[in-house]
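1. Here is a sequence together with a model predicted from it:
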Amino acid sequence: MRACHVASLGLAAMSSIASAQAVTSISGGSQFGSYYTSTAQGDVVGFRFEVTEAITVTMLGVWNADGQAAPNDGLTSEHRLGIWDDSENLLTETIAGPADTVIGDWTYAPCPSVDLVPGQIYTIGALYYSDAAGVIDGDSYVSGPSITTASEVTVLNAVFPSSVDLGFVFPLSDSFGNNGRYGPNFTFDATGDCACTADLTGDDCGTNTNDFFAFLALYQAQDPAADYSPGGGINTNDFFAYLAAYQADLNNPDCPG
């Protein structure tokens, strides 16, 4: 599985805003610095959800409007984010921080695109740290607000981790009386509009030179996002596998450049 840390390589500017946000707005609820206090490993909070039609996730983001600074500019730390399937497999991940792309009340970073399909339950989570006062990383999330979502996304319930299973892990515990902890969010395109396998920058489903240079930077850094061939590790097999995917996208009329 390819993990994405494009933002850490200074490539966030290569991405453009994807077509839709999963959660479009939140209001009310209560702010928290983390689920557990004084946890050195941090804990993952978020929500479980379903989709009503096939979509492709393009970026992951974290709530930024907690009042730490100017409106829509409250994010002070980097947060690791991920989406898991119902078998607890991590499908895609990234790290979003203050230098990344602001869209409304969330700050987004590109991640390896992943297709989500109806009939499955998915979990999105963001890693938070805090002490008893909730101030280690200076950021907070909102628990149980009123929300609006894109029509393709149905939020099921909030999630949090087991107290003995912390760090960046699948959040096992459900809060069925709580519609979610926000926290995390994602952008997406309709899968039917995208046939690109070499799109690394989340630029509304298209493969072009931005993606090629993004791959070169990831390859040079030995980032897991450059793992395009079987067998694990980053080597020349991955380089040639990406070149093949890139060329296939350029020759595919369903994959715009």
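-> That came through fine.

2. Apart from its chain neighbours, what residue comes closest to residue 30?
-> residue 143 (5.2 Å; CB to CB, 6 or more residues apart in numbering). In short, each C-beta sits where N, CA and C put it, glycine included.

3. Give me the pLDDT value at the one you found.
-> We have a pLDDT of 93 for residue 143.

4. swap in residue 187?
-> pLDDT, read off for residue 187, is 93.

5. can you confirm residue 244 is in a strand?
-> No. Assigned with DSSP: H, G, I helix; E, B strand; the rest coil, residue 244 falls outside any strand and is helix.

6. Distance of it relative to residue 33?
-> Distance, residue 244 to residue 33, by CB to CB, to the nearest Å: 46 Å.

7. Give me the more crowded residue out of those two.
-> Neighbours per residue (other CB atoms under 10 Å) separate residue 244 from residue 33, with residue 33 holding more: 20 against 14.

8. Surely that one is in contact with residue 130?
-> Yes. Under the contact definition of CB atoms under 8 Å, residue 33 touches residue 130, with a separation of 3.1 Å.

9. and the protein, what are its domains?
-> Per automatic domain parsing, the domain ranges recorded for the chain read 6-192, 195-250.

10. give me phi/psi at residue 209?
-> Per-residue torsions, residue 209: phi -60, psi -30 (degrees, to the nearest 10).

11. ok, it - how many residues close by?
-> Residue 209, neighbours per other CB under 10 Å, totals 10.

12. Over to residue 142?
-> There are 21 residues near residue 142, going by other CB under 10 Å.

13. Using just helix, strand and coil, how would you label it?
-> strand.

14. What of residue 41?
-> Look at residue 41: counting by three-state DSSP, its state is coil.

15. Surely it touches residue 166?
-> Yes. The criterion here is CB under 8 Å, and residue 41 meets it with residue 166 at 4.1 Å.

16. of those two, who's got more company?
-> Neighbours per residue, other CB under 10 Å: of residue 41 and residue 166, the larger number sits with residue 166, 19 against 14.

17. Might one say that that one is in contact with residue 45?
-> No. Residue 166 lies out of contact with residue 45 (CB under 8 Å); the separation is 11.4 Å.

18. is it fair to say residue 241 lies in a strand?
-> No. In this structure, residue 241 is helix, not part of a strand, as judged by three-state DSSP.

19. List the buried residues for the longest strand along the chain?
-> Across the chain, the longest stretch assigned as strand under DSSP state E is strand 106-116. Buried residues in strand 106-116, defined by neighbour count with 16 or more other CB atoms under 10 Å: 106, 107, 108, 109, 110, 111, 112, 113, 114, 116.

20. which residues does the last one contact?
-> The reference is to residue 116. 51, 54, 55, 56, 57, 83, 122, 188 (CB atoms under 8 Å, 6 or more residues apart in numbering).

21. In strands, which of the residues you listed fall?
-> 51, 55, 56, 57, 83, 122, 188.

22. quick revisit: and the contacts of residue 116, which are buried?
-> Using 16+ other CB under 10 Å, the buried ones in the contacts of residue 116 are 51, 55, 56, 57, 83, 122, 188.
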